[in-house]
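Colleague: I need the structure of the sequence given here:
(chains A, B, C, D and E, ligands or ions: 4)
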Amino acid sequence: SQDGGTQQGKDAMSSDKSIRIGYQKNGPLVILKSLGTVEKELEKKGVKVEWKEFQAGPALMEALNAGSIDFGRTGDSPPIFAQASGSPIVYVAAGYSKYEGSGILIPKNSPIQSLADLKGKKIGFVKGSSSHYLLVKALEKAGLDYSDITPAYLQPGDARVAFEQGSIDAWVTWDPFTADTQLNSDATLLVNGEGLTSDRDFFVANANYAKKNKEILEIIVNQIQHSSEWANGHQKELVTMIAPLLKIDEKSIEMAVQRREYGVDPLTDEIKKEQQAKADTFYHLKIIPKEIHVEEAMMD
Amino acid sequence: MKKDARVPHIHLNQLKKSFDHTVVLDGINLKVNQGEFIAIVGKSGCGKSTLLRLIAGLEHYNEGSISIKDKELAGLNTQARIMFQDGRLLPWKRVLENVGLGLKGDWRQTAIAALRDVGLEGRMHDWPSKLSGGQKQRVALARALVHKPEILLLDEPLGALDALTRLEMQELIECIWEKEKITTILVTHDVEEAVALADRVILIEDGKIVLSKNINLSRPRQKTQQVFVNISEEILSRIVDPNEQNLRLIIK
Amino acid sequence: MKKDARVPHIHLNQLKKSFDHTVVLDGINLKVNQGEFIAIVGKSGCGKSTLLRLIAGLEHYNEGSISIKDKELAGLNTQARIMFQDGRLLPWKRVLENVGLGLKGDWRQTAIAALRDVGLEGRMHDWPSKLSGGQKQRVALARALVHKPEILLLDEPLGALDALTRLEMQELIECIWEKEKITTILVTHDVEEAVALADRVILIEDGKIVLSKNINLSRPRQKTQQVFVNISEEILSRIVDPNEQNLRLIIK
Amino acid sequence: MQARFKAGIRRMIPWALPVLLLVLWQLFSWNGVISDRILPAPSDVFTAAIELTSTGELTDHISISLGRATLGFLIGGLLGFFLGIMNGIFRFSDLLLDTSIQMLRNIPHLALIPLVILWFGIDETSKIFLVALGVLFPVYINTYHGIKNVEGDLIEMGKAYGLRGSKLFFSVIFPGALSSILVGIRFSLGVMWLTLIVAETISAHSGIGYMAMNAREFMQMDVIVLSILIYALFGKFSDMVAKYMEEKWLKWKT
Amino acid sequence: MQARFKAGIRRMIPWALPVLLLVLWQLFSWNGVISDRILPAPSDVFTAAIELTSTGELTDHISISLGRATLGFLIGGLLGFFLGIMNGIFRFSDLLLDTSIQMLRNIPHLALIPLVILWFGIDETSKIFLVALGVLFPVYINTYHGIKNVEGDLIEMGKAYGLRGSKLFFSVIFPGALSSILVGIRFSLGVMWLTLIVAETISAHSGIGYMAMNAREFMQMDVIVLSILIYALFGKFSDMVAKYMEEKWLKWKT
Ligand SMILES: Nc1ncnc2c1ncn2[C@@H]1O[C@H](COP(=O)(O)OP(=O)(O)OP(=O)(O)O)[C@@H](O)[C@H]1O
Ligand SMILES: Nc1ncnc2c1ncn2[C@@H]1O[C@H](COP(=O)(O)OP(=O)(O)OP(=O)(O)O)[C@@H](O)[C@H]1O
Ligand SMILES: [Mg+2]
Ligand SMILES: [Mg+2]
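Modeller: Ligands and ions are numbered 1, 2, ... in the order given. Predicted coordinates for the structure are as follows:
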């Protein structure tokens, strides 16, 4: 019963000749897609690439779980939930840390001046996201308890409105939302993720697919590394590439791009430890029902 | 208008009504006095119901005028109660509540009494859908009579009733009319019924009043009287007009 | 059943029908021969319509049996066409299509002819809601007659018609019946109409057939004939029974 | 005896299909045709239900949602009802408002959320607003249709018999439209639960919609399926309420 | 002349409210009562519309969605129609299916998505399935109600006049239920667009729902508002279609 994906018979078969990659507009795979290099590389192997766009991480994980896509990128928490649910996914590689773009935003003239001031405040974030973890760690650092704040679970777009309206006192989020809000809403970044969380991207695959197509995944990871290097070296071009896609103004994208380094890390022990700590935190927060060992879901 | 002239209760003046270019009533002149009982007869489709609906204020007319006690009728005629040719009981109200419709005060007792008059007291808690055709008609009649309105408009109120019940209902109508001095207009296809009840019988043909016959018989009228029979035959012969052969068949 | 006995077209045997514990028909026995014309009279609410609906197979009975040509009636009586007391025209079909309902083949011509018979050819493209009460009734009559069924059931088909139109329609019914030898049952509140048309007049009272009178007059019948008047009076007197005073009023 | 037996069967038939589905699903889960990673077996869902119930979580979610649902239903239902009546009766308000309502009706709640947060913040008001908005339209449309379709002859009769205003309304128009209005209510009783799943994405910490969306995010298939089943049962329940009302108020239809 | 003038006014009144709203909004935006950071002025939305149209994006989104919507509408509408007719006419199928349908109706699409992905994958099928599912129920409920409410007397008459099967259906039952069925269609023409916003969260890269949700994610308020306006116009359009059908097929109601 380890072959969760095989009931999608036709999906599994098609994956021999093509690979379906799930991506989100706001992520490094967009760069890869725009450059079009991976198609060329995989064509040599007789493999076609199909790109599937997703608007949210969970939807992408659902598709991965169902075997509707083979490979994709998510933030750091969806794989934890997937593993906890017994979904047949494996970590393939990790992205570089992007802690600088993630953090706690407060409005201009906010009475909140330090982490300790968060006590008793209403804070918006996405439940079970990297921001959730960041907040927990930040509170820990300030010696506050999680129960000292009032959480307001909000999707980024909604949270932005709530933040503008003053419905929430602070907002924990990631780039490009952080940058956009900093620039366009006079918000200040109270803290970023430094020392709290690494906030990495993860590249994940359907376990079944990964077992049979290690080589192809390697090629893709390589190509992501290449596109990342390109991105790091061509920030201007990158900005003009992404801004119209996300329909966010170039200044915000520029800010986000400048404080981020793209790249792929192998699944080192350090990363495993980071990820395990997150899983444990989510377990303690009762977001996942059981303890998991992230290592078990990592491709070797 | 002369001050001393008696003002008619209902005054139709050169009334004209057409539906989508077919003229139904074409210059109707009629004065009905307070407390008068008028019967209208005429062939099917000649415009009897339309005339009644016009007097009730339920229909717009094209030309002419309708005055009620010298006041031009605008919109609904609130003094009148019309019994519709098709009954129109509310299916979601029980018989008693149908009869009590629009009554004020202790309507229940009044309505029960009216139902007793039409012989349906025992059915007051039934839904209208459970009644026979003639029973429905009698409920509708009770509903019209119970209001004791100033103007009573009856559109074929007894069309679905057997001879005996019909007679009883005629007596009922006559009795209420006499007691309350209600100005009454009765549409009927039964000439004898018209002659038995009305002070004046009016015949409509081709959109016009072609006959207006005063019936000066004492009440209660005996249908066996020769005068009665003569008047009935006279009116019938006017309906049937030139076609002699048919005439002979109808008039005994 | 004897082989040589003539099998009645319709045979009601000890038929009993009640609605929620009120008995309406209580042991009706009736044999109607092929091609016979029966008229049913009786007071309002005595069960005439119910009886017709039972023969049409539209109502369940509680006891007894109904046979059509010796076969027990189960469900709808497909040989019969019933004209309902309340018309039941389809409001979403024009007059012509209402008449043509259920006809096969070149229904249009047949339906137009039927409308001509009832004098409404000119209204064939109208919606039923645009017709007067009597016009609706005639359309329903045309719809029933046009089928030339084996059994024709007419429930007060002429209740809303004036004397002249009524006479024409009676002639029409008689004519079609004679030509097609249709077994016909006519419910009417008009005793004269019953006597004018039927081979046999049946009176229902208290759920039972209390009178079954054969009318052996030649056709077409003259309402002025003394025999005719006598028979009518006899039946009427039976309806009105002990109450002599009323009787005198009705019978001329 | 036999009649009672028949009535019993008649009461069971409606459940045949759902039960059959459940049984098949359990069987397929047991013999592995349906992998439990993808679709948990009914028994697992049942276990999840027990667990959530024993911690009191499930009843919390349901009762919180029920509160939001009923309040939203009352507000939206009444509003839809009155608008439907007004536009059904008065020509001018019909002309003025119907188009706007038909336009409003077509705006998805999901797209509206930013504006709702803008107007009503992130607390209860916005959630109840969304439920009310969702419930409004089915009630409106069916009330409107019901009123417009009351037989004109009967209204005319009512007027001719001196009824007007509220009397005419309660004696003729309302009873004539009631059957259609009840369809609207039946529909909106469903919508009432449905909108909660969108409403409860706005900073909620409890509620059945929150539970479902959370489960989706955290890929707890058993809870997702559980919430689907709960929704389905609510659907049946709403339907029973609507049927009860129909039986009570439409007795005259034999 | 005067009649024509009156008719013209009558055609304009329905737009009074939406236009008034737009004007007020524009005014408030100009004088800063509404911050344009949060709610862009109508003129900004208009600019966004022009921009999106000039790149062909908007028409792309709309035409893609239109394709999905119509296909889903056809499938779901027909299914709902037939189920409504079947359950309206046949007692047994009513007993067997109605409960299940009422239960199914109450399951939110958002909760269903994980299962839909399992069954239909992430491509067009799943999106069309969701639209069809959404459209099915209003058509079903109103068809069912329409059929059940055809006057029994008329059906009896039809049967007594030898109509049965399809003839009885097309002469009596269907025309009698039509007015109610059209209400269902009117409703579902709206739902057709509404469900797309959920359906198009499943791996879509175009469509009006995708555009709206995308805008919501990245807080492009002008696009959000634009999509809301587009939905509203679609609503009006659906309504016009429904009204047209009513006028065409219910002529006999004068
Ligand atoms: N569906 C029903 N439920 C209960 N009672 C009914 C039902 N239909 C008819 N009745 C009753 O049965 C009796 C007979 O009704 P039926 O319609 O046969 O009378 P009828 O002889 O045709 O009278 P009419 O001449 O007034 O039409 C009446 O008292 C009527 O109230
Ligand atoms: N709404 C309408 N639209 C068009 N024509 C109509 C309308 N109502 C009635 N008519 C026509 O007007 C004429 C008169 O109708 P009306 O109902 O007044 O006749 P009536 O004298 O009452 O006949 P009956 O004795 O048959 O009831 C008829 O030819 C009828 O077809
Ligand atoms: Mg008339
Ligand atoms: Mg009868």
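Colleague: ranges for the helices of chain D?
Modeller: Assigned by DSSP state H, chain D shows helices spanning D:2-30, D:42-54, D:57-89, D:91-105, D:109-120, D:124-148, D:152-160, D:165-168, D:174-199, D:208-217, D:221-249.
Colleague: Show me what the mean pLDDT comes to for the last one.
Modeller: Mean per-residue pLDDT for helix D:221-249: 87.
Colleague: Can you tell me the element residue B:41 falls in?
Modeller: Element membership for residue B:41, per DSSP states H and E: strand B:37-42.
Colleague: Next one: that strand, is it in contact with ligand 3?
Modeller: No. Strand B:37-42 does not reach ligand 3 (C-beta under 5 Å from the ion); its nearest approach is 9.4 Å. Backbone N, C-alpha and C define where each C-beta goes, glycine included.
Colleague: And that strand, what does it pack against?
Modeller: helix B:48-55, strand B:183-187, helix B:191-197, strand B:200-205, helix B:226-240 (3 or more C-beta pairs under 8 Å, 6 or more residues apart in numbering or on different chains; DSSP states H and E).
Colleague: 7 Å instead, please
Modeller: When contacts are defined as 3 or more C-beta pairs under 7 Å, 6 or more residues apart in numbering or on different chains; DSSP states H and E, strand B:37-42 packs onto helix B:48-55, strand B:183-187, helix B:191-197, strand B:200-205.
Colleague: which outside residues touch it?
Modeller: B:32, B:48, B:51, B:177, B:184-189, B:191, B:194, B:197-205, B:235, B:239, C:162 (C-beta atoms under 7 Å, 6 or more residues apart in numbering or on different chains).
Colleague: The residue in the stretch 151-252 of chain B that ligand 2 sits nearest to is in what secondary structure piece?
Modeller: Distance from ligand 2 to each residue of the stretch 151-252 of chain B (C-beta to the nearest ligand atom) is smallest for residue B:189, at 6.1 Å. Residue B:189 belongs to no helix or strand when elements are defined using DSSP H and E.
Colleague: which one is it nearest to, not counting chain neighbours?
Modeller: Once flanking residues are discounted, residue B:189 sits nearest to residue C:162: 4.1 Å by C-beta to C-beta, 6 or more residues apart in numbering or on different chains.
Colleague: Now do that neighbour against residue C:168, distance only.
Modeller: Distance, residue C:162 to residue C:168, using C-beta to C-beta, to the nearest Å: 10 Å.
Colleague: Report the strands that pair with the strand holding residue B:41, each with its relative direction.
Modeller: strand B:183-187 (parallel), strand B:200-205 (parallel) (DSSP bridges).
Colleague: Could you work out which of the ones you listed reaches nearest to residue E:218?
Modeller: Closest approach to residue E:218 among the strands paired with strand B:37-42 (C-beta to C-beta): strand B:183-187, 74.6 Å.
Colleague: Run the contact check for that closest one versus ligand 3.
Modeller: No. Counting by C-beta under 5 Å from the ion, ligand 3 has no neighbours in strand B:183-187; the shortest distance is 6.5 Å.
Colleague: send the alpha carbons of that strand over as PDB?
Modeller: Taking Å, rounded to 0.1, in the frame of the first residue of the first chain, the C-alpha atoms of strand B:183-187 are listed here in PDB:
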ATOM      1  CA  THR B 183     -79.300  48.100  -6.300                       C
ATOM      2  CA  THR B 184     -78.900  44.800  -8.100                       C
ATOM      3  CA  ILE B 185     -77.700  43.900 -11.500                       C
ATOM      4  CA  LEU B 186     -78.100  40.200 -12.400                       C
ATOM      5  CA  VAL B 187     -76.600  38.700 -15.500                       C
END
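Colleague: Next up, the contacts around the nearest residue to residue B:34 once chain neighbours are set aside.
Modeller: Excluding the flanking residues, the one nearest residue B:34 by C-beta to C-beta, 6+ apart is residue B:9, at 4.4 Å. By C-beta under 7 Å, 6+ apart, residue B:9 lies in contact with B:32, B:33, B:34, B:68, B:69, B:183.
Colleague: Where is the longest helix in chain B?
Modeller: If you go by DSSP H, chain B has its longest helix at helix B:163-180.
Colleague: what angle separates that helix from strand B:37-42?
Modeller: Here helix B:163-180 runs at 140 degrees with respect to strand B:37-42, directions being taken by axes from the mean of the first three to the mean of the last three C-alpha atoms, to 10 degrees.
Colleague: as a whole number, average confidence for helix B:163-180?
Modeller: 91.
Colleague: Then stretch A:216-225?
Modeller: On average, stretch A:216-225 scores 85.
Colleague: buried ones in that stretch?
Modeller: Buried residues in stretch A:216-225, counted by 16 or more other C-beta atoms under 10 Å in any protein chain shown: A:216, A:217, A:219, A:220, A:221, A:223, A:224, A:225.
Colleague: What is the nearest of those to residue D:22?
Modeller: residue A:217 (39.5 Å).
Colleague: need the residues of chain A near chain D, please.
Modeller: Residues of chain A lying close to chain D (C-beta under 7 Å from any C-beta of the partner chain) are A:1, A:4, A:7, A:58, A:61, A:65-66, A:81-82, A:85-88, A:127-128, A:152-155, A:157-158, A:161-162, A:165, A:167, A:287-288.
Colleague: change it to 8 Å
Modeller: Within reach of chain D by C-beta under 8 Å from any C-beta of the partner chain, chain A has these residues: A:1, A:3-4, A:7, A:58, A:61-62, A:65-66, A:78, A:81-82, A:84-88, A:124, A:127-128, A:151-155, A:157-158, A:161-162, A:165, A:167-168, A:287-289.
Colleague: sorry, back to before: got a markdown table for the contacts of residue B:9, with pLDDT, neighbour count and distance to residue C:92 too?
Modeller: Shown next, in a markdown table, are the contacts of residue B:9 (pLDDT from 0 to 100; neighbours: other C-beta atoms under 10 Å in any protein chain shown; distance: C-beta to C-beta, whole Å):
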| residue | pLDDT | neighbour count | distance to residue C:92 |
| --- | --- | --- | --- |
| B:32 | 94 | 22 | 39 |
| B:33 | 93 | 15 | 45 |
| B:34 | 92 | 15 | 45 |
| B:68 | 92 | 22 | 38 |
| B:69 | 90 | 15 | 43 |
| B:183 | 94 | 25 | 39 |
